[in-house]
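Engineer: sequence? don't have it. structure:
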């Protein structure tokens with residue numbers, strides 16, 4: 001009888017331990033993975049961009065996603081953050097050293113790049129009164145289709161992002 005009770009106790013313990021370990025939450029990968037790009041420009045400015053990479057998934061940029069004429073968080077999830085270690089000029093306009101939320105207003109021919117103090121906002125919140133600088137740049141065709149949003153920082157001072165068949169670039173000095 002003692003052997004039977006010991007056997008039942010051990011079996012019960014093993015089943016309980018197995019069930020408890022099976023209850024651990026499974027971490028799912030984010031559909032829009034986070035990425036960070038960093039570079040030092042020839043001018044000595046350190047630039048960092050932290051963002052999440054949404055996928056096109058067969059949608060059309062400008063209509064289905066990132067609609068033309070409406071502000072966009074320029075990424076997914078939290079706001080995209082861009083940091084400059086020194087004062088810079090973006091497309092010839094001055095911008096103080098610091099960390100900014102990066103928003104855009106997509107357009108067929110031009111995109112508006114917005115540097116905002118709205119770093120504490122979730123990505124779906126935008127307040128125009130927090131704008132620090134706006135510049136308008138021409139939209140370009142991406143040399144290749146880019147499924148997930150991708151930022152690049154060239155040491156020459158050209159910062160660009162490509163998504164789908166679109167590429168947007170702005171100059172920093």
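Structural biologist: Thanks, I have the structure now. Fair warning: this is a prediction, and the values are worked out from it, not measured in the lab.
Engineer: So, low pLDDT: which residues of the chain?
Structural biologist: 1-30 (pLDDT under 70).
Engineer: Recalculate using a threshold of 80.
Structural biologist: 1-31, 123 (pLDDT under 80).
Engineer: List the buried residues in stretch 74-84.
Structural biologist: 74, 75, 76, 77, 78, 79, 80, 81, 82, 84 (16 or more other Cβ atoms under 10 Å). Quick note: C-beta positions are derived from backbone N, CA and C, even for glycine.
Engineer: mind checking how far the residue most central in space within the chain is from residue 152?
Structural biologist: Nearest residue to the geometric centre of the chain (Cα atoms, centre = their mean): residue 51, 2.1 Å. The gap separating residue 51 from residue 152 is 12 Å, by Cβ to Cβ, to the nearest Å.
Engineer: partner residues bridging the residue nearest to the centre of the chain?
Structural biologist: Beta-bridge pairing for residue 51 (DSSP bridges): residue 35.
Engineer: Any chance of TSV for the buried residues of stretch 74-84, columns secondary structure?
Structural biologist: Listed next are the buried residues of stretch 74-84 as TSV, based on DSSP: H, G, I helix; E, B strand; the rest coil:
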residue	secondary structure
74	coil
75	coil
76	coil
77	coil
78	strand
79	coil
80	strand
81	strand
82	strand
84	strand
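Engineer: For residue 56, state which of those is nearest.
Structural biologist: Among those, residue 76 lies closest to residue 56 (Cβ to Cβ), at 11.8 Å.
Engineer: Any chance of the backbone angles for that closest one?
Structural biologist: phi -140, psi 170 (degrees, to the nearest 10).
Engineer: how about the nearest residue to it once chain neighbours are set aside, phi and psi?
Structural biologist: The shortest distance from residue 76 to any non-neighbouring residue, by Cβ to Cβ, 6 or more residues apart in numbering, is to residue 32 (3.4 Å). Main-chain dihedrals, residue 32, degrees, to the nearest 10: phi -120, psi 90.
Engineer: Which parts of this structure are helices?
Structural biologist: With DSSP state H as the criterion, the chain has helices at 2-22.
Engineer: Can you show me the strands along it?
Structural biologist: Remark: strands assigned in the chain by DSSP state E are 34-40, 46-52, 80-84, 88-90, 93-95, 98-105, 110-116, 131-153, 158-171.
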